[in-house]
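Enquirer: let's see this in three dimensions:
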Amino acid sequence: MKKVTRRLIIYTILGTLGLLFLFEIILQIYNYNYSRIKTETAVFTTIVESIETDGYVVRDEQVVRTDKSGVFAYNAPDGSRVSSGSVVAYVYPTQEQAETHQKIKKLSGEINRLKELQAESNATSASNQNLLMKEIDDKNLKLVRAVEDCDFEAVNSLRQQIMYLMTKYNLVIGKDDGVDARISELSSQLATLTSSASSAPATVGSPCTGYFISSIDGYEDVFTSTSILEMSPEQFEKTAGSVTLSDGDKAGVVGKVATGFTWYYACLLDKKQTDVIEERAKANKPIYIVLNACSNEELPVTVSTINRQEDGKALVVFNCRIMSEILANVRNESATIIIGKYKGLGISKAAIRSLDFEVPEVDSRGYTGFIENDENGTPVFVRKNENGEPKAVESYVDPYKVVAEKDSKGNTVFVEKNVQAVYVILANEMYSKRIKIIYDNGSNDSTVICEVMDGTAAETSRYIKQYDNVVVEGRNLYDGKIVN
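Expert: Residues are numbered from 1 along each chain as shown. Below you'll find the model as predicted:
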């Protein structure tokens, strides 16, 4: 009886172990063939590589001085273009007279603007109403963007332009917008002010052509296009932020004129950042600077000089030939240096695989493939026509990656080895597609940017396209696999 019991226990244990082993085999087979597949959608993505820094805008500037005493009233707005000898400021004996003349100037300008508006409205036909409304809509869209960018100068300018266009539209459609009454009212105010104004004020002319700024900061003779290119990082660091102005320095100063269109941006960068800038400059690759004062405007720049010190730290000086009212008034400003902008299809790096692709022996043009040695003795895939004349290999094939192999039936086939590719799912079926990476920051968990391929339908169909369902995770992946 004991022997029977012992035998039953042994059989039970062996049976249980057998069932567990069978269950494990079934589980492994299931996991191998039906493991959960994770996918993502390939979409257009832009990645910007940039360097954040702080630096100084350098211009060649000429200080405008006068020996005339009194109250200055500026005729040239900050950042406006002036010519040599043009009036940049008027000098009045008292503050009251200065204010009176400024009011006269403002009223005259508004009257002229309203009269021009009337003339333009009379010349605008009713058929152009739609064009006028389209212009108003465009200005409104720009106003929304300016508000989003916190570009308050643009906001004020666009509001005035919209009001002007709305008034013009009302006049065109015959709606009385009170323009005549407004002109009459302003003309009356102008007559009253003119009768109380003093004689013509003294004037201050610009010594040269350039952009006028109504203030100085002391750097006009410290940072110049010549001195900044010769400065060491240490000299720049000591000079930046150390300049002060005394009352004597400001005496008789009306402002300054920035001459020429070229200006410079000087900043200190560490060794790694400098190496990147130097590499791009040598390769003639584009570099842009976005100054915080200029909202999101990307200014194209070139490298003027890189002055390094022993620890690798460097004074990097960029130059730019785009000038504006805002740029003429900027000095110490933080900036974003854009060293690369990549646009294409973004996919996770985990989706990338190294796959082999069969290359047809005879292509769609009827050209036959061969493996030959090039002039260096390296095997390379070539195509020839029926006369043995060499022809171009398909654009998507790397001829140096193609090898000749035997398939399962013993036939020779051409295979392109180790091609960067991904698997995509279309209508529950899996396909392999090539990719061409244009950006990879080297991180294993990052997003890479793939080029959007142009060409014939046969060529582009071999590469991923926007909205492809790309496989990121999964086991036992292959072409033709059915995915539930």
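Enquirer: so the nearest residue to Met323 once chain neighbours are set aside is in which element?
Expert: Closest residue to Met323 apart from its sequence neighbours, by C-beta to C-beta, 6 or more residues apart in numbering: Phe261 at 4.9 Å. Bear in mind the C-beta positions are built from the backbone N, C-alpha and C, glycine included. Assigned by DSSP states H and E, Phe261 belongs to no helix or strand.
Enquirer: the chain should start at 342 in everything you say after this.
Expert: Got it, the first residue is 342 from now on, which makes the last one we talked about Phe602.
Enquirer: what's near enough to touch Phe602?
Expert: Contact partners of Phe602, counting by C-beta atoms under 8 Å, 6 or more residues apart in numbering, are 662-664.
Enquirer: and Val412, by the same measure?
Expert: Val412 makes contacts with 432-436, 438-439, as judged by C-beta under 8 Å, 6+ apart.
Enquirer: 7 Å instead?
Expert: Val412 is in contact with 433, 435-436, 439, counting by C-beta atoms under 7 Å, 6 or more residues apart in numbering.
Enquirer: just the buried members of those residues?
Expert: Buried members of the contacts of Val412, scored by 16 or more other C-beta atoms under 10 Å, are 433, 439.
Enquirer: turn the contacts of Val412 into CSV, columns for pLDDT.
Expert: As requested, the contacts of Val412 are exported to CSV (pLDDT from 0 to 100):
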residue, pLDDT
Tyr433, 87
Thr435, 82
Gln436, 83
Ala439, 78
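Enquirer: rewinding a little: closest to Ser645 out of the contacts of Phe602?
Expert: Nearest to Ser645 out of the contacts of Phe602 is Arg662 (C-beta to C-beta; 11.8 Å).
Enquirer: need phi/psi at the closest one.
Expert: Dihedral pair for Arg662: phi -110, psi 20, per degrees, to the nearest 10.
Enquirer: and the pLDDT at it?
Expert: With respect to pLDDT, Arg662 has a value of 90.
Enquirer: export the contacts of Phe602 to TSV and tack on distance to Val671 and neighbour count?
Expert: Below are these laid out as TSV (distance: C-beta to C-beta, whole Å; neighbours: other C-beta atoms under 10 Å):
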residue	distance to Val671	neighbour count
Arg662	16	12
Ile663	13	13
Met664	11	18
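Enquirer: ok, so of those, who is nearest Tyr741?
Expert: Among these, and counting by C-beta to C-beta, the member closest to Tyr741 is Arg662, at 43.5 Å.
Enquirer: how much space separates that closest one from Gly601?
Expert: From Arg662 across to Gly601, the span is 9 Å (C-beta to C-beta, to the nearest Å).
Enquirer: next: Lys456.
Expert: Distance from Lys456 to Gly601, by C-beta to C-beta: 37 Å.
Enquirer: what residues does the helix or strand containing Phe755 touch?
Expert: Using DSSP H and E, Phe755 maps to strand 753-767. For strand 753-767, the surrounding residues in contact (C-beta under 7 Å, 6+ apart) are 380, 688, 692-700, 702, 710, 722, 738-739, 742-748, 771-776, 778, 805, 809-812, 818, 824.
Enquirer: can you select the buried ones from these in ChimeraX?
Expert: The buried residues among those can be selected in ChimeraX (16+ other C-beta under 10 Å) with this line:
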select :380,688,692,693,696,698,700,710,722,738,742,743,771,772,773,774,775,776,805,809,810,811,812,818,824
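Enquirer: what about Leu527, neighbour count?
Expert: The tally of other residues near Leu527 (other C-beta atoms under 10 Å) stands at 16.
Enquirer: actually, Trp604.
Expert: Neighbours around Trp604, by other C-beta under 10 Å: 24.
Enquirer: isn't it up against Cys661?
Expert: Yes. Between Trp604 and Cys661 there is a contact under C-beta atoms under 7 Å: 6.0 Å.
Enquirer: which of Lys456 and Gly601 has more residues huddled nearby?
Expert: Gly601 (15 against 12).
Enquirer: ok, for that one, nearest residue in space, not its chain neighbours?
Expert: In space, and not counting its chain neighbours, Gly601 is closest to Asp401: 6.0 Å by C-beta to C-beta, 6+ apart.
Enquirer: just Glu792 next, same as before
Expert: Lys777 (4.4 Å).
Enquirer: quick check: that neighbour touching Ile790?
Expert: No. Applying C-beta under 7 Å as the test, Lys777 and Ile790 come out as separate, 10.0 Å apart.
Enquirer: more crowded one of those two?
Expert: Between Lys777 and Ile790, counting by other C-beta under 10 Å, Ile790 is the more crowded of the two (21 against 15).
Enquirer: touching the strand or helix carrying the more buried one from outside, list them.
Expert: Using DSSP H and E, the element containing Ile790 is strand 788-791. Residues from elsewhere that reach strand 788-791, judged by C-beta under 7 Å, 6+ apart: 386, 388, 683, 685-690, 776-781, 805.
Enquirer: ok, stretch 545-554 next?
Expert: The contact list for stretch 545-554 (C-beta under 7 Å, 6+ apart) reads 403, 405, 407, 409, 417, 419-430, 432, 595-601, 664, 669-670.
Enquirer: show the average pLDDT along it.
Expert: 92.
Enquirer: mind telling me what element Thr380 is part of?
Expert: Using DSSP H and E, Thr380 maps to strand 379-382.
Enquirer: would you mark the buried spots in that strand?
Expert: Neighbour-count burial for strand 379-382 [16+ other C-beta under 10 Å]: 380-381.
Enquirer: now for it, which elements pack on it?
Expert: strand 810-814 (3 or more C-beta pairs under 7 Å, 6 or more residues apart in numbering; DSSP states H and E).
Enquirer: same thing but at 10 Å, please
Expert: Contacting strand 379-382 under the criterion 3 or more C-beta pairs under 10 Å, 6 or more residues apart in numbering; DSSP states H and E are the following elements: strand 673-689, strand 753-767, strand 810-814.
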